[in-house]
Every structure is written in structure tokens, then in C-alpha cells.
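Asks: okay, predicted coordinates and the sequence, questions at the end:
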Amino acid sequence: MNVAVLASGSGTNLQSLIDSAARGELGPARLAVVGVNVPDCRALDRARAAGLPTLVIDHRAFASRDEFDRALLAALAAHAVDLVVLAGFMRLLGAEFLARYRGRVINIHPALLPAFPGVHGQRQAFDYGVKISGCTVHFVDGGVDSGAVIAQAAVPVLDGDDDSMLAARILAEEHRLLPAVVRALAEGRVSTEGRRVRVQGASPTHEALRSV
């Protein structure tokens, strides 16, 4: 399975995929290309350091989201991409893109969806006063963090936390959960029925996914 990773920022989840691939932990998944929409982002540096093919498609160069999406689709087609992984990619993908990769776009979100969608999920959870937070890998649909949940990992919110401490604890789980889901997808162990997603041979928690 050829995987494209799209990112906009620091790229720590991209790095977790790069490191997992280097350890042979992604199974038949292959990191085929990394695309960014911010030309000077750290994710681009990480991809280049790993020797991965890269795409730089600055969204500011396009008059509309549709034009940007079409340029991105054309670039991904050149790499025979099977799965698109959004790893801190701060752009909403439109209907044409999602139709082309229907059921083959996933995102990682730093909250336990459907709670706290959108930006700064960790801060939203902290400000709300929840006792448990975490992260979610989900399929991408036309809404904001509204696609079917593939897997989640929970972390406690401790009395002495601030929002940055909680964010760091969640990020550590993201780095374990995302590679495990990519491997499960590449191995054909993920099936969907409506909004219910099943991972064959493993419970949809990061511990079980990570062990296979």
C-alpha cells in the first residue's frame, strides 16, 4: 500500500511513521510521498532527512480550495497513492478529493471524538474540565472531524496538568496509535459497516493494535 502523508506543521506524527517504517513496523505500508502546503514547515525537513519524495503545494498560490485540491490530486496520482494520511494537515479537503479517495483518507485528532472537534482539541478538553481525554484516528468525510472512528487511545487529565502538559501526553499516544492504524489498513484488517469500524484480529485500542 502506497501511503501519502500530508502535513502543515512540525511533523511529529510524520516522524512517528518514518521511525515505524525504519523499524519494519508498518507491514506492507510504504511511505510513498510527503506533501505539505506550508513551504517552510518542519515536516518538510523531516521528510527530506528521511529521503522521502516530497510535494510542496502552497495553498496560497490558488484562488480556491477546489483548485488546490485538483493540484494535490494530480501530484498524488504520480505516486500511485492508495492511502492518504492527514498528520497535522491544516486544510479541509473538498468533495472532489474525498470522492477520488473515498474511504482511503484518515486523520489523527487530539481528542476523543465526537467530543472537541476542530482546532485545539486538547485545549478544549482541558478547558471543559474532562477527566479523560485522548486521541482518535478516523476516516475523513465532508465534515470537521466527523468521519467514522477507527481507533482511539485515552489518557487521564491529572489535577496538576495545564493544557500543554495534557497535549504532550496525548501526543505520545498519537505517535503510537497512527502507525498501528496505518499497518492495520495496509494489511486489510479494517472493515466498515455504516459508522462502525472493526479491526480484525485486534481490539480498536492502541495497545492491541500496537501488538500485532
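Replies: Yep, it's here.
Asks: hey, let's count contacts and neighbours off CA atoms from now on
Replies: Will do.
Asks: ok, longest helix in this structure?
Replies: Using DSSP state H, we find that the single longest helix of the chain is helix 163-186.
Asks: which elements pack onto it?
Replies: helix 12-22, helix 121-128, strand 132-139, strand 149-156, helix 206-210 (3 or more CA pairs under 8 Å, 6 or more residues apart in numbering; DSSP states H and E).
Asks: show me what counts as buried in stretch 146-159.
Replies: Going by neighbour count (16 or more other CA atoms under 10 Å), the buried part of stretch 146-159 is Gly147, Ala148, Val149, Ile150, Ala151, Gln152, Ala153, Ala154, Val155, Val157.
Asks: let's have those in TSV, adding pLDDT and distance to Asp69.
Replies: Output for those, formatted as TSV (pLDDT from 0 to 100; distance: CA to CA, whole Å):
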residue	pLDDT	distance to Asp69
Gly147	97	19
Ala148	98	22
Val149	98	24
Ile150	98	24
Ala151	97	27
Gln152	97	28
Ala153	98	31
Ala154	98	33
Val155	98	35
Val157	97	38
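Asks: can I get those in a markdown table with distance to Val190?
Replies: A markdown table is the format used below for the buried residues of stretch 146-159 (distance: CA to CA, whole Å):
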| residue | distance to Val190 |
| --- | --- |
| Gly147 | 15 |
| Ala148 | 12 |
| Val149 | 11 |
| Ile150 | 8 |
| Ala151 | 10 |
| Gln152 | 14 |
| Ala153 | 17 |
| Ala154 | 21 |
| Val155 | 24 |
| Val157 | 30 |
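Asks: hang on, the earlier thing: now the element after the longest helix of the chain, going C-ward?
Replies: strand 190-193 (DSSP states H and E).
Asks: what pairs with that following strand, parallel or antiparallel?
Replies: Sheet pairing of strand 190-193 (DSSP bridges) gives strand 196-199 (antiparallel).
Asks: how far off centre is the strand it pairs with?
Replies: Mean-position distance between strand 196-199 and its chain equals 17 Å (CA atoms, centre = their mean, to the nearest Å).
Asks: any low-confidence regions in this protein?
Replies: 202-212 (pLDDT under 70).
Asks: could you chop it up by domain?
Replies: By the assignment in automatic domain parsing, the chain contains the domains 1-102, 108-212.
Asks: quick one: end-to-end length of the shortest one, please.
Replies: The first and last residues of domain 1-102 sit 15 Å apart, counting by CA to CA, to the nearest Å.
Asks: and stretch 179-196, by the same measure?
Replies: From its first residue to its last, stretch 179-196 covers 21 Å (CA to CA).
Asks: and for the longest helix of the chain, what's in contact with it?
Replies: Contacts to helix 163-186, defined as CA atoms under 8 Å, 6 or more residues apart in numbering, come from residues 1, 12-13, 16-17, 20, 25-29, 108, 110, 122-123, 126-127, 133-137, 150-155, 157, 190, 199, 205-206, 209-210.
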